[in-house]
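Chemist: next input, structure requested:
(2 chains)
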Amino acid sequence: MLIEYLPIFLVFGFAIIFAIATVFSSTIFGPKRPTSEKLSTYESGMKPIGTTHDRVSVKYYIVAMLFIIFDLEVIFVYPWAVQFKRLYAELGISIFFSMLLFLVVFEIGFLYAYKKGGFKWD
Amino acid sequence: MNEIFMITPLLIISGGILLSLIVEMFYKKSEIILPWLSIAIFISAAYYSLLTAYREGVVFNSMLAVGGLVHIFYFIFNFGAAIVVLLSIDHIKKVGIYFGEFYILMQSAVLGMMFLSGAKDLVMVFIGLEQMSVCFYILTGFNRKRSSSNEAALKYFLLGAFASGFVVYGMALIYGAVGSLSIPSVSFYLINQSPSIIFIVGLLLFIIGFSFKIAAVPFHMWVPDVYQGAPTTVTAFMSTGGKAAAFSALLVVLVPVFSNLAKNNFIPLLSVLAVITMLYGSIVAIAQIDLKRMLAYSSIAHAGYMIIGLAAGNQNGVTGIVFYLAAYTFMNLGAFGVISMVEAKDNSHVDLQSYTGLAAKYPLLAAMLTIFMFALAGIPPFAGFFGKYFVFISAIEANLTWLAIIGVISSAISAYFYLRVVVVMYFKSTDSPIDVEPSYYALLGIFISALLVLVMGLFPNSIIQLISFFVG
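Modeler: Sure thing, here's the model as predicted:
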């Protein structure tokens, strides 16, 4: 049973070894000529201002979440629209109304977000 | 089209969520209407569940089971949620989280629970689990201005996500072994052959993931902090509905699987889990002076008693667990209801000290809390006693007498901290007993719970017969 998975384990093992080897081989085999200029944070470039961990406004997350929901809606509607003619021939008008029901449920959620000011940036 | 009508309780809740969202959008004072709308939705869903319980079947390409035991669970969730709404009406106003969304999230959580208990497919189990859990994460952190509520929500979210990871990984391994996620085909696979290593590891991971959700030791670390930090009525909801739903999913998956295992290697595992869970919960609860925290440990201990029924795995075990869950739901709801009433605006007055001399000033409230404490301790004639009784009987039938003995010992230990609350209320006096803001809605909820606890304790046979009719 487990022997069937042997190729997968081999790939795993190879991937891990390869990753470690490539990362550490450059430090082991590469030439090292350190100078004070080289060791400073930015040899050539802007001096850093502030930390990398910047606070992001919570509004950003709300917009991002709403975008994901929009995206999912498109994922469901797009194949339906492409296949609509064939589905209509097979299943009749119910295929139209079932998607309409889905969209109604969906838009209630969006309307809620809109009414609560989810789309307002200020 | 006929299938649609088979899932009426689910449709009622789904439609209710949409309706509540519309009310919330267009009506400024939605927090006044929504509790009553929610109660109407919950009660009608509970009513239809019982009404259509005789119609058993499987719908939607064998994804969901309807009728029978599933509808009994629907009833427990919906009726419990209706009581939680009654308890919450004044409480959330008092602690400053007076928003309509509270009730919408509760409805959504109940829908998730219903998916969990009706699942016939592991994917359905996962969808239900996530829907329920996500709503609970939000409800736990509902008190945004309190840091302990935020901390609880974050802790619950991180550990809950971790647990869901275990569940999904277990499902993936089960799929790898069986080639299907449908629960009937998983159990069918076990008839023909002994389980492979992959299947056993998958099932173990599944059990571990759900042990987080039902708060079994050693996966209980989140319980005390989360139960303490969450708003009290949310804790009531989480510790009853959430636990009942997780247990129903365990029953849905494990009972058919275990019944087809030729040699059940999981019985010792579940027995050990039960023993450490109930002993740990009962012993550590003794040291708690915060009542919410004490009930959190008590909830751990109760999970242990219910796992006994799971370890026994016979028909009596399943019946016992269902009865126990129903009893536990209503006695815990009542106990948390009293706590939520006594609790002050700033979330103080939840420690044992505050209950000193409560009986002299508020005899009714004290009497109610006494009923629930007796019931939780398992003293007849209240419902808790028969819950434990049926579970222990099932253990003895399955030749696990030692497990029943440890269960009795543990419940004797737990009597100490339950009765301590009663002692503090009745036999200690103080010059300045605390003031309690009366809330008639909450009192109504507490009364209904007390009534149910009494009825289930006085007439356990008819209820057991009803449950075992659907189990068998």
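
Chemist: looking at chain A, which helix or strand is least sure?
Modeler: Here the helix or strand of chain A ranked lowest by mean pLDDT, DSSP states H and E is helix A:36-39, holding a mean of 75.

Chemist: I'd like the next helix or strand past it.
Modeler: helix A:58-82 (DSSP states H and E).

Chemist: re the thing from before, how about the least confident helix or strand of chain A as PDB, C-alpha atoms only?
Modeler: Taking Å, rounded to 0.1, in the frame of the first residue of the first chain, the C-alpha atoms of helix A:36-39 are listed here in PDB:
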ATOM      1  CA  SER A  36      32.300  47.700   6.000                       C
ATOM      2  CA  GLU A  37      30.400  49.200   3.000                       C
ATOM      3  CA  LYS A  38      29.100  45.800   2.000                       C
ATOM      4  CA  LEU A  39      28.000  44.900   5.500                       C
END
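
Chemist: who does it touch, helix- and strand-wise?
Modeler: Contact partners of helix A:36-39 among helices and strands, from 3 or more C-beta pairs under 8 Å, 6 or more residues apart in numbering or on different chains; DSSP states H and E: none. Yep, even glycine has a C-beta here, placed from its N, CA and C like the rest.

Chemist: by proximity to chain B, which residue of chain A wins?
Modeler: A:Lys115 (4.3 Å; C-beta to the nearest C-beta).

Chemist: neighbours of that residue, how many?
Modeler: 14 (other C-beta atoms under 10 Å in any protein chain shown).

Chemist: now for it: which residues touch it?
Modeler: By C-beta atoms under 8 Å, 6 or more residues apart in numbering or on different chains, the residues touching A:Lys115 are B:Met25, B:Phe26.

Chemist: run a quick neighbour tally on the residue in chain B that chain A sits nearest to.
Modeler: As assessed by C-beta to the nearest C-beta, chain A sits closest to B:Met25 within chain B, at 4.3 Å. Other residues near B:Met25 number 16, with proximity taken as other C-beta under 10 Å.

Chemist: ok, and the closest non-adjacent residue to it?
Modeler: Of all residues not flanking B:Met25 in the chain, A:Lys115 sits nearest, at 4.3 Å (C-beta to C-beta, 6 or more residues apart in numbering or on different chains).

Chemist: what's the spacing between that neighbour and B:Ile17?
Modeler: Note on A:Lys115: its distance to B:Ile17, by C-beta to C-beta, to the nearest Å, is 16 Å.

Chemist: and what of B:Ser248?
Modeler: The gap separating B:Ser248 from B:Ile17 is 21 Å, by C-beta to C-beta.

Chemist: quick one, which of the two is more surrounded?
Modeler: Between B:Ser248 and B:Ile17, B:Ser248 has the larger neighbour count (other C-beta under 10 Å), namely 28 against 23.

Chemist: who's in contact with the more buried one?
Modeler: Counting by C-beta under 8 Å, 6+ apart, the residues that B:Ser248 touches are B:Phe73, B:Met113, B:Leu116, B:Ser117, B:Leu325.

Chemist: please check those residues and keep the buried ones.
Modeler: Among the contacts of B:Ser248, the ones that count as buried by 16 or more other C-beta atoms under 10 Å in any protein chain shown are B:Phe73, B:Met113, B:Leu116, B:Ser117, B:Leu325.

Chemist: just the ones of the residues you listed in helices?
Modeler: Among those, the members found in helices (DSSP state H) are B:Phe73, B:Met113, B:Leu116, B:Ser117, B:Leu325.

Chemist: contacting residues for the fourth one?
Modeler: Neighbour list for B:Ser117: B:Val70, B:Phe73, B:Tyr74, B:Phe77, B:Gly128, B:Ala245, B:Ser248, B:Ala249, B:Val252 [criterion: C-beta under 8 Å, 6+ apart].

Chemist: just name the lowest-scoring one in the residues you listed, pLDDT-wise.
Modeler: pLDDT across those is at its lowest for B:Val252, which sits at 89.

Chemist: give the buried residues for the helix or strand harbouring that one.
Modeler: According to DSSP H and E, B:Val252 maps onto helix B:243-260. For helix B:243-260, the neighbour count (16+ other C-beta under 10 Å) marks B:243-258, B:260 as buried.

Chemist: check whether B:Val58 sits in a helix, strand or coil.
Modeler: Assigned by DSSP: H, G, I helix; E, B strand; the rest coil, the conformation of B:Val58 is strand.

Chemist: hang on, I meant B:Met124
Modeler: helix.

Chemist: contacts only, for it.
Modeler: B:Met63, B:Leu64, B:Phe115, B:Gly118.

Chemist: any idea which of these has the most stuff around it?
Modeler: Comparing the contacts of B:Met124 by number of neighbours (other C-beta under 10 Å), B:Gly118 comes first, having 28 neighbours.

Chemist: contacting residues for that one?
Modeler: B:Leu10, B:Leu64, B:Ala65, B:Val66, B:Val70, B:Phe73, B:Tyr74, B:Met124, B:Gly128.

Chemist: surely the first one meets B:Leu111?
Modeler: Yes - using C-beta atoms under 8 Å, B:Leu10 is in contact with B:Leu111, at 6.9 Å.

Chemist: so where's the chain uncertain?
Modeler: Just going to use chain A. In the predicted model, chain A carries pLDDT under 70 at residues A:1-2, A:42-44, A:48.

Chemist: wrong one, I was asking about chain B
Modeler: Chain B contains residues with pLDDT under 70 at B:1, B:262, B:472.

Chemist: chain A contacts on that one?
Modeler: Contact residues (C-beta under 8 Å from any C-beta of the partner chain) of chain B with chain A: B:Leu18, B:Leu21, B:Ile22, B:Glu24, B:Met25, B:Phe26, B:Ser196, B:Ile197, B:Ile198.

Chemist: counting by contacts, list what the host helix or strand of the fifth one packs against.
Modeler: Under the criterion DSSP H and E, the helix or strand holding B:Met25 is helix B:8-26. If you count contacts as 3+ C-beta pairs under 8 Å, 6+ apart, helix B:8-26 packs onto helix A:94-115, helix B:30-51, helix B:69-94, helix B:101-118.

Chemist: by how many degrees do it and helix A:94-115 diverge?
Modeler: 40 degrees (axes from the mean of the first three to the mean of the last three C-alpha atoms, to 10 degrees).
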